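Student: Have a look at this fold, sequence not included:
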């Protein structure tokens, strides 16, 4: 009953806030024309009194809206604080108008200018919450034709040696860090950098590349200037070149700024090459997944199950039941709400059984599955054959049945399966392709180059 | 007396009259505004507000959290051979040195160099081992460590490591804390601070020693300026693993449980009263200690391992041995311990005593450590643990190609002096090239001529594999951010897979 009432008041927030906005705007208009209007002071008192009252109502209703509307504190906090500040400014202006001695010395402009600024801010941030972060910036960007610079992936080449250095690395760096201000639509200093012709042409002060004396190239000098120098590029507030990028661009300029020469011809330091090129494919999936709900993470953690992102800003998670050895098949429901986010699942030492595979097949991004020291037989392991990301399975010290190794063939994307059993010698009975045999690791390594005698 | 009381009361009343609600509303509003403005400006910082999925550290300072970058390994086993083993008798094959055996060292090699003991002109000392190429990689290996050939294709050699310290203590401190002076956190502490501990029942950073305590002392696994919870916990392999963990005589587990329960109840009441999160930390520490009473003896018990596994390592139950420690290291990593640090003392082969000679003491150290190290790598491999564990092997520096001449007189037994300019280390595990050699020394193994890497480079690489950028991983202390590698270090990208 009371709850519903509070929700109702909260819902009125978007309506109520327009009252103080109206009052304050009206007040500022009167204040600006106060010399013409004799009654201005009385009116202002009245107006800012009511601005304060309705402002407080807005804060209360806004708070209720935040409490019951499912908003996160991170999204509302700035809006909330700006709102409070608006009310405080209105209230203190009112205090000044009724001649509170404390505010006598403060200039009136502080209140009028300050109030307009925080009001705008609060309103804008509120708009961001209801209409989305980009509701204002998007059309502005389109108007100014700031097309979003595409982050071209520089990495993951395997045939980089023959590729031209300029088009494969240098231009992407320029695109990312310079073209924002130096393009066909906006060209600071008359300089455009979005293709090689424009680079040669240069800007207001001529070419930025000096082919005769590379070290004197404007571009080379500017990127090496200390960051706080005015001529340093990219400018102070902008996205800076990394040390390796500076190094590479310098190398390119010093070796004649060729637009055609291949990576190999530049004889770059191996460290530098490794920074920009790698043949290594990413281990975990690269597609984006939806952000998990923080509450569902807390629920998992409350059960003493470890759940953490694989790296700080990743939406992919590792889950480990190391500290919850009573984990059973049914407990999978605790983590199933975030199953698409799980890439690394460690259920070792738990009490799971083979029926778990019927549920695990829905963990579409699962990459590493650890089932060590469990009673898994591997009966239904082929249920996982739909998992395109599954690369490693750990079945060390399980009850894994040698007959079930054949089922693993159906998991086409596997890279490694660990099948070492401390208490017995497990060997596959099947005669399959050599490639498949290499995926299976039965362990039993010894220092005498012979099989262990486990009976002794 | 009454008059004074009256006067005092009057003073209080008058004073109170000045601090009325009206005064607060009239005169203090700007102050309130300031407070609000302060927090408002605070939230205006340009740093993006991103969601933090990590576990909350305020209740449990060891709660595992994700590193900034995708890691290649999640735990580390660091094998430190205390005293500095001779690279010239193990991995760095120098046939040219054989030709110079017992010939005086050219003066140009000595002038301006600092040695711990060499004085005047020493003689050169040829390799005290025979070498062969082993494995598919065909890397050189000495006859003193025959089991190593089984794992030679798993490891990456760094053959031109250098350090600027030539005495044991400072060199060990530099290797493990990034500074030759006392006071910095050890690498294990940094890692536990940055990643936390997965296991609820075991410490995140465990230290095992054999042969003796290293010269650098316990500061080698100290927490420095990091909170003390991140320091290494030394487990003894003989007697009680952790002192004072066992219940005293006449105290049953049930009684202990009740005692800890009561203490925690009192602490919890305290927490409800003052809301101080430190109290919760304390509660979790009591609980951890209680759980360690059963979990530590369990993980430290090597008798439950199958006999053929114990034989593979060559363990000596009940004794303090490097082999036991290697097996324990595997068990700990299996149970979620983040950083296991092994110290094996006795590699200081100067040649001024049997235990310190290359033909006696050194050979025994080789024999005692060869089998367990090879077994450790293979055992980690067959359990799939090598994919996510980093094993690092090395001393604090290397040894000279000259025969040590203490006080100008050639030592009676064969031995070498300290050398920081060039020595060999190796790493194995996730994210590294296998069977790879990085770096090269000159013809006599005196200094690196290719692929030189510093101690800081090694630390930077270890942190890199764990998912950190060593330049960003800092801790604020005494007014400035500190990092493990101070102002040095570059990730050795050539050895990354």
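Tutor: Structure's in. What do you need? If you're wondering where the values come from, they're calculated on a predicted model, not measured in any experiment.

Student: Could you list the domains of the chain?
Tutor: Unless you meant another one, I'm taking chain A. A:2-143, A:160-276, A:294-441 (automatic domain parsing).

Student: You answered for a different chain; I wanted chain B.
Tutor: Split by automatic domain parsing, chain B gives B:2-42, B:75-246+B:280-495.

Student: Tell me which of those domains lies nearest to chain A.
Tutor: domain B:75-246+B:280-495 (2.9 Å; CB to the nearest CB). Using the backbone N, CA and C atoms, a C-beta is placed for each residue, glycine as well.

Student: does that closest one come close to chain A?
Tutor: Yes - using CB under 8 Å from any CB of the partner chain, domain B:75-246+B:280-495 reaches chain A at B:147, B:150, B:198-201, B:306-309, B:312, B:335-336, B:371, B:374-375, B:378-379, B:381-384, B:387, B:467, B:490, B:493-494.

Student: circling back to that earlier point, ok, and which of the domains of chain B has the densest surroundings?
Tutor: With neighbours taken as mean count of other CB atoms under 10 Å in any protein chain shown, the domains of chain B reach their highest mean count in domain B:75-246+B:280-495, at a mean of 20.

Student: circling back to that earlier point, so for residue B:109, which of the domains of chain A sits nearest?
Tutor: Closest of these to residue B:109 is domain A:160-276, at 29.7 Å (criterion: CB to CB).

Student: chain center to the closest one: distance?
Tutor: How far domain A:160-276 lies from its chain's middle: 27 Å, per CA atoms, centre = their mean, to the nearest Å.

Student: tell me which element the spatially most central residue of chain B falls in.
Tutor: Nearest to the geometric centre of chain B sits residue B:188, at 3.8 Å (CA atoms, centre = their mean). Using DSSP states H and E, residue B:188 sits in helix B:187-195.

Student: continuing past that helix, what's the next helix or strand?
Tutor: strand B:205-210.

Student: report the angle between the axes of that next one and helix B:187-195?
Tutor: Relative orientation of strand B:205-210 and helix B:187-195, computed by axes from the mean of the first three to the mean of the last three CA atoms, to 10 degrees: 160 degrees.

Student: Which residues does the helix or strand following strand B:205-210 contact?
Tutor: The helix or strand immediately downstream of strand B:205-210 is strand B:233-234, counting by DSSP H and E. With CB atoms under 8 Å, 6 or more residues apart in numbering or on different chains as the test, strand B:233-234 has contacts from B:203, B:205, B:206, B:207, B:208, B:209, B:218, B:221, B:242.

Student: Isn't the fourth one up against residue B:232?
Tutor: Put plainly, it is residue B:207. Yes - contact criterion CB atoms under 8 Å: residue B:207 and residue B:232 qualify, at 4.2 Å.

Student: Now do the same for the residue positioned nearest the centre of chain A: helix, strand or coil?
Tutor: Most central in chain A under CA atoms, centre = their mean is residue A:313, positioned 5.3 Å from the mean C-alpha point. Judged by DSSP: H, G, I helix; E, B strand; the rest coil, the three-state class of residue A:313 is coil.

Student: Distance-wise, check it relative to residue A:276.
Tutor: Using CB to CB, to the nearest Å, one obtains 22 Å as the distance from residue A:313 to residue A:276.

Student: and what of residue A:317?
Tutor: Applying CB to CB, the value for residue A:317 to residue A:276 is 29 Å.

Student: now do residue A:384
Tutor: Residue A:384 sits 36 Å away from residue A:276, going by CB to CB.

Student: follow-up on the earlier one: of the residues of domain B:75-246+B:280-495 next to chain A, which belong to helices?
Tutor: B:307, B:308, B:309, B:312, B:371, B:374, B:375, B:378, B:379, B:381, B:382 (DSSP state H).

Student: Just read off the phi/psi values of the residue nearest to the fifth one when sequence neighbours are not counted.
Tutor: In this case it means residue B:371. Nearest non-adjacent residue to residue B:371, counting by CB to CB, 6 or more residues apart in numbering or on different chains: residue B:314, 4.5 Å away. Note on residue B:314: its backbone torsions stand at phi 70, psi 40 [degrees, to the nearest 10].

Student: Tell me the one of the contacts of strand B:233-234 nearest residue B:456?
Tutor: Residue B:456 has its nearest neighbour among those in residue B:221, at 18.9 Å by CB to CB.

Student: Compare residue A:317 and residue A:276 (neighbour count), which wins?
Tutor: Using other CB atoms under 10 Å in any protein chain shown, the more surrounded residue of residue A:317 and residue A:276 is residue A:317, with 26 against 20.

Student: Name the residues linked to the more buried one by a beta bridge.
Tutor: residue A:309, residue A:342 (DSSP bridges).

Student: show me the contacts for it.
Tutor: Residue A:317 touches A:292, A:307, A:308, A:309, A:310, A:338, A:341, A:342, A:343, A:344, B:53, counting by CB under 8 Å, 6+ apart.

Student: Type out the PyMOL command that picks the buried ones from those.
Tutor: In PyMOL syntax, the buried subset of those is picked out as below (16 or more other CB atoms under 10 Å in any protein chain shown):
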select buried, (chain A and resi 292+307+308+309+310+338+341+342+343+344) or (chain B and resi 53)
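
Student: From the contacts of residue A:317, which one has the minimum pLDDT?
Tutor: When the contacts of residue A:317 are sorted by pLDDT, the bottom entry is residue B:53 at 72.
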